[in-house]
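A.B. asks: make a model of this:
(2 chains)
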Amino acid sequence: MAKITLSKLAHSYLPDPQGEADYALKEMDHIWEDGQAYALLGPSGCGKTTLLNIISGLLTPSNGRVLFDDIDVTQAPTAARNIAQVFQFPVVYDIMSVRKNLAFPLRNRGMDRASINTRVEAIAAMIEMTDVLERKAQALSADAKQKISLGRALVREDVNAILFDEPLTVIDPAMKWALRTQLKSIHAALGHTMIYVTHDQTEALTFADQVVVMFEGRVVQIGTPQELFETPAHTFVGYFIGSPGMNVLDARVEGAFAYIGDEKIALGADYGRPGGKVQIGIRPEFVSLQSQTGMAAKIHRVEDVGRHKIVRAELCGQAVNMIAPEGTEITAEAARIQFKPDAISVFVEDWRLEPGERVQG
Amino acid sequence: MEKTLNQKAWFLVLPVFLLVAFSAVIPLMTVVNYSLQDTFGNNKFFWAGLEWYTELLHSERLWSAFGRQIIFSAIILAIEVPLGVFVALNMPKKGVWASLSLVLMALPLLIPWNVVGTIWQIFGRVDIGLLGHTLAALGIDYNYTRDPLAAWVTIITMDVWHWTSLVALLSYAGLQSIPEAYYQAAKIDQASRWSVFWFIELPKMQGVLMIAILIRFMDSFMIYTEPFVVTGGGPGNATTFLSIDLVKMALGQFDLGPAAAFSLMYFLVVMLVSWVFYTVMTNLDKKAGY
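C.D. replies: Residues are numbered from 1 along each chain as shown, chains lettered A, B, ... in the order given. Take a look at the predicted model:
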């Protein structure tokens, strides 16, 4: 178990990167604290897997350093880093039995037979595969194979970190829940540093203490699920977290008010007069339908998802989604809506602006 | 509604019947016919029953050709399969060099068989051949027209030269289909190079290797042109394989009856072995759960 430090880390797949655009992973500094469970969340192609492979040593970064407990391992091969990793698609050694598969990483490290056996039995119980231990891995289902991969990652007790690269992609939904919960309890029991890559926000939010959101090769925010939800640092985090994502509207901000078209919206705090591309963000949960007061909006569509209704509307030419409680009567095409003032975020050039923080326009 | 019944549709399959009849059934039945009769020329045939079959089954000539054939196929498989796999493992995986090596590997496969035979026939000649002359100059007694061992070495080397590429290319295709994650997982698990080969690469190549072995077995079991061009089956009968012997019997001695019986048994053996291979392969696939 170790603290992992990334120092001025950047990576490009090109031999001679020129501008920032050539980098798959933009320069970053980050510390993964020992024993924490992190989720690395972002859309496909945002550099999550690249970052993971750099930590595990499958890839050598073009710039910067990787430190395990303050020891530089940037140039160290995977084997020397003592890392476990689970991949998106199940990797099992086809001709070995499940038992041999689980024992393989231990045997390669020269552990004695008796200890291997106890350890394998323990892990098999954890992943609930005790009854198929003697079966050949080849004949098992994709679910079971991925469980073996997970088991192989968990079997070594002394690993510095366990990395998961979208490990539940091939698993069917019901099993996903079970495995995720299991992983969480395994984390609580073993206390390994875990980094879990996913593009599924539910997965990230349920698994991790800290979620690292990546976008276009950059870490845009690190925080608890609640922080990501309430105070997104970047419009992308706003869009990406939540269902539907945050409404982000072009606006003009003057002091404690924002203006969209002719509408004047109270912001709950004084933001000064930011220049450049200014937007305000409001989660659909904090947009409410009003009968008398509020801004005039056109309602396009109502989707009833059971627990609540998602209302797709338009405010001054910009799309606004809102969540209305089940049972709300929505009849008219025209309606009045209101934003909850202290739930509004202000973004300048896509980055969050805190009240009191001044940006020169 | 009354359905019209019209049997004329059968005429539509007539072309296929005719084609198959003239290309396969009738020639095969002619051979069966010959194998059961005897002739002294003048197109006069006498019924011989199973006489040729019993005679051939007790013929030392046939059994020794069969033995040589088995040994030949076994040797070339034992060399070409491991060598082909080894070559495939060492071929570059991508880039210009990968394409180049693929082209180079494919070259021997594109050369007509009798040309391959001629190349080696000249290459090995002691008077003018590069190989034969060099060996002679080095003081090594090598002469494939006199020495059975030299003849065997020449023919086996020729076959290896000609066909290892096929095994290599098939294995290469098998290797290329292994996802990168397997190698990464092996690194994470600290697997040795040998473990990677034994537990990842070989199992994944199993399917294509079975096909390679099947193709190479059938081809080598029916080999004719190359040894015929190089040694003509000699010295003595040292390199007379089944098909060379068959042609000698049928066209050299014009023993139509025994030759026909011979070719039918030959055909059955090849089919039997192929069937065994096929069964084993499909069983393996079933076990793999494809």
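
A.B. asks: and the helices in the stretch 51-200 of chain A?
C.D. replies: Using DSSP state H, counting those that start in this stretch, the helices of the stretch 51-200 of chain A run over A:78-81, A:98-108, A:113-126, A:142-154, A:173-190.

A.B. asks: so which of those helices is nearest A:Met28?
C.D. replies: A:Met28 sits nearest to helix A:78-81 of all the helices of the stretch 51-200 of chain A, at 19.2 Å, using CB to CB. Where C-beta positions appear, they are placed from N, C-alpha and C, glycine not excepted.

A.B. asks: contacts for that closest one, please.
C.D. replies: A:Ser56, A:Gly57, A:Leu58, A:Phe68, A:Val73, A:Asn160, B:Gln184, B:Lys187, B:Ile188, B:Gln190 (CB atoms under 8 Å, 6 or more residues apart in numbering or on different chains).

A.B. asks: and these, which two are the farthest apart?
C.D. replies: A:Phe68 and B:Gln184 (18.7 Å).

A.B. asks: what about these two, which has more around it?
C.D. replies: The residue with more neighbours, out of A:Phe68 and B:Gln184, is A:Phe68; 23 against 20, by other CB atoms under 10 Å in any protein chain shown.

A.B. asks: contacting residues around the more buried one?
C.D. replies: Neighbouring residues of A:Phe68 by CB under 8 Å, 6+ apart: A:Ala2, A:Lys3, A:Ile4, A:Thr5, A:Arg81, A:Asn160.

A.B. asks: so chain A: which segments form each domain?
C.D. replies: Domain segmentation of chain A under automatic domain parsing yields A:4-235, A:244-353.

A.B. asks: ditto for chain B
C.D. replies: Taken from automatic domain parsing, chain B resolves into B:9-47, B:60-288.

A.B. asks: what's the closest of the ones you listed to A:Leu52?
C.D. replies: Proximity to A:Leu52 (CB to CB) singles out domain B:60-288 among these, at 10.5 Å.

A.B. asks: and that closest one, how far out from the chain's middle?
C.D. replies: Computed by CA atoms, centre = their mean, to the nearest Å, the chain-centroid distance of domain B:60-288 equals 7 Å.

A.B. asks: does chain A sit close to that domain?
C.D. replies: Yes. Interface with chain A: domain B:60-288 contributes B:179, B:181-182, B:184-185, B:187-192, B:195, B:199-200, B:203-204, B:287-288 (CB under 8 Å from any CB of the partner chain).

A.B. asks: can you flag the buried ones in these?
C.D. replies: Buried members of those, scored by 16 or more other CB atoms under 10 Å in any protein chain shown, are B:181-182, B:184-185, B:187-191, B:195, B:199-200, B:203-204.

A.B. asks: point me to the residue of the stretch 251-361 of chain A nearest chain B.
C.D. replies: Scanning the stretch 251-361 of chain A for the residue nearest chain B gives A:Asp350, at 34.1 Å (criterion: CB to the nearest CB).

A.B. asks: would you mind measuring from the spatially closest residue to that residue that is not a sequence neighbour to A:Lys277?
C.D. replies: The shortest distance from A:Asp350 to any residue other than its chain neighbours is 4.6 Å, reached at A:Thr235 (CB to CB, 6 or more residues apart in numbering or on different chains). For A:Thr235, the distance to A:Lys277 equals 10 Å [CB to CB, to the nearest Å].

A.B. asks: what of A:Arg352?
C.D. replies: For A:Arg352, the distance to A:Lys277 - CB to CB - is 13 Å.

A.B. asks: ditto for A:Val346
C.D. replies: With distances taken as CB to CB, A:Val346 is found 12 Å from A:Lys277.

A.B. asks: so between those two, which is more surrounded?
C.D. replies: Taking other CB under 10 Å, A:Val346 and A:Lys277 do not tie; A:Val346 has more neighbours (22 against 11).

A.B. asks: give me the element that one is part of.
C.D. replies: Element membership for A:Val346 (DSSP states H and E) is strand A:345-348.

A.B. asks: quick revisit: list residues touching both of A:Thr235 and A:Lys277?
C.D. replies: Shared contacts of A:Thr235 and A:Lys277, defined by CB under 8 Å, 6+ apart, comprise A:Asp350.

A.B. asks: just to revisit the earlier point, which of the domains of chain A is buried the deepest?
C.D. replies: When the domains of chain A are scored by mean count of other CB atoms under 10 Å in any protein chain shown, the highest mean neighbour count falls to domain A:4-235 (a mean of 18).

A.B. asks: for it, measure first residue to last.
C.D. replies: Taking CA to CA, to the nearest Å, domain A:4-235 runs 28 Å from one end to the other.

A.B. asks: from the chain's centroid, how far away is that domain?
C.D. replies: Centroid separation between domain A:4-235 and its chain, computed with CA atoms, centre = their mean, is 13 Å.

A.B. asks: sticking with B:Pro27, tell me its helix or strand.
C.D. replies: Going by DSSP H and E, B:Pro27 is in helix B:26-35.

A.B. asks: if I look at A:Gly361, what pLDDT would I see?
C.D. replies: Predicted confidence (pLDDT) for A:Gly361: 43.

A.B. asks: which residues are in contact with A:Pro167?
C.D. replies: A:Val86, A:Phe87, A:Gln88, A:Gln146, A:Ser149, A:Leu150, A:Tyr196.

A.B. asks: make JSON lines from those and add pLDDT to it.
C.D. replies: Below are the contacts of A:Pro167 laid out as JSON lines (pLDDT from 0 to 100):
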{"residue": "A:Val86", "pLDDT": "89"}
{"residue": "A:Phe87", "pLDDT": "88"}
{"residue": "A:Gln88", "pLDDT": "86"}
{"residue": "A:Gln146", "pLDDT": "88"}
{"residue": "A:Ser149", "pLDDT": "90"}
{"residue": "A:Leu150", "pLDDT": "88"}
{"residue": "A:Tyr196", "pLDDT": "90"}
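
A.B. asks: list the contacts of the closest residue in space to A:Val155 that isn't next to it in sequence.
C.D. replies: Excluding the flanking residues, the one nearest A:Val155 by CB to CB, 6+ apart is A:Ile123, at 4.9 Å. With contacts defined as CB under 8 Å, 6+ apart, the neighbours of A:Ile123 are A:Leu102, A:Gly151, A:Leu154, A:Val155.
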